[in-house]
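Trainee: Just to be clear, the model below is a prediction. Sequence and coordinates:
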Amino acid sequence: MIETYKNEIPNWVLEDDTFVFHGTSNLSEKYLDNGLTALNTPVSFEIVDNIVSIL
């Protein structure tokens, strides 16, 4: 299991092509801060699937 890093990503992670990064937008931040998650995205699942298939 990979460690969680805050505010800093080690170079060995940046240089490893097997890692995929994900970020949380400020649109979801206020909900996540309160422990809430929702299944919504500003892009379609088809677009996400296309990106994943490339990776």
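Mentor: Great, that's in hand.

Trainee: going forward, measure contacts and count neighbours with C-alpha atoms only.
Mentor: Will do.

Trainee: The protein: strands as residue ranges?
Mentor: Shown for the chain, no strands are assigned by DSSP state E.

Trainee: show me where pLDDT drops low in it?
Mentor: Along the chain, the model assigns pLDDT under 70 to residues 1-3, 5-6, 21-27, 37-41.

Trainee: which helix of it spans the most residues?
Mentor: Using DSSP state H, we find that the single longest helix of the chain is helix 45-54.

Trainee: Only C-alpha atoms, please: export that helix in CSV.
Mentor: Extracted in CSV, the C-alpha atoms of helix 45-54 (Å, rounded to 0.1, in the frame of the first residue of the first chain):
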residue,chain,number,x,y,z
PHE,A,45,-18.3,8.6,-17.4
GLU,A,46,-17.6,8.0,-21.1
ILE,A,47,-14.8,10.6,-21.0
VAL,A,48,-13.4,9.1,-17.8
ASP,A,49,-13.5,5.6,-19.3
ASN,A,50,-11.6,6.8,-22.4
ILE,A,51,-8.9,8.3,-20.2
VAL,A,52,-8.6,5.2,-18.2
SER,A,53,-8.4,3.0,-21.3
ILE,A,54,-5.4,5.1,-22.5
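
Trainee: The chain should start at 5 in everything you say after this.
Mentor: Taking 5 as the first residue, the last one we looked at is helix 49-58.

Trainee: Ramachandran angles for Asn38?
Mentor: Main-chain torsions, Asn38, degrees, to the nearest 10: phi -100, psi 10.

Trainee: Please determine how far it is located from Thr8.
Mentor: Distance of Asn38 to Thr8, given as C-alpha to C-alpha, to the nearest Å: 20 Å.

Trainee: Check Glu33 too.
Mentor: Here the criterion is C-alpha to C-alpha. By it, Glu33 lies 18 Å from Thr8.

Trainee: The two: who's more crowded?
Mentor: Glu33 (13 against 7; other C-alpha atoms under 10 Å).

Trainee: Relative to Asp37, how far out is Phe49?
Mentor: From Phe49 across to Asp37, the span is 24 Å (C-alpha to C-alpha).
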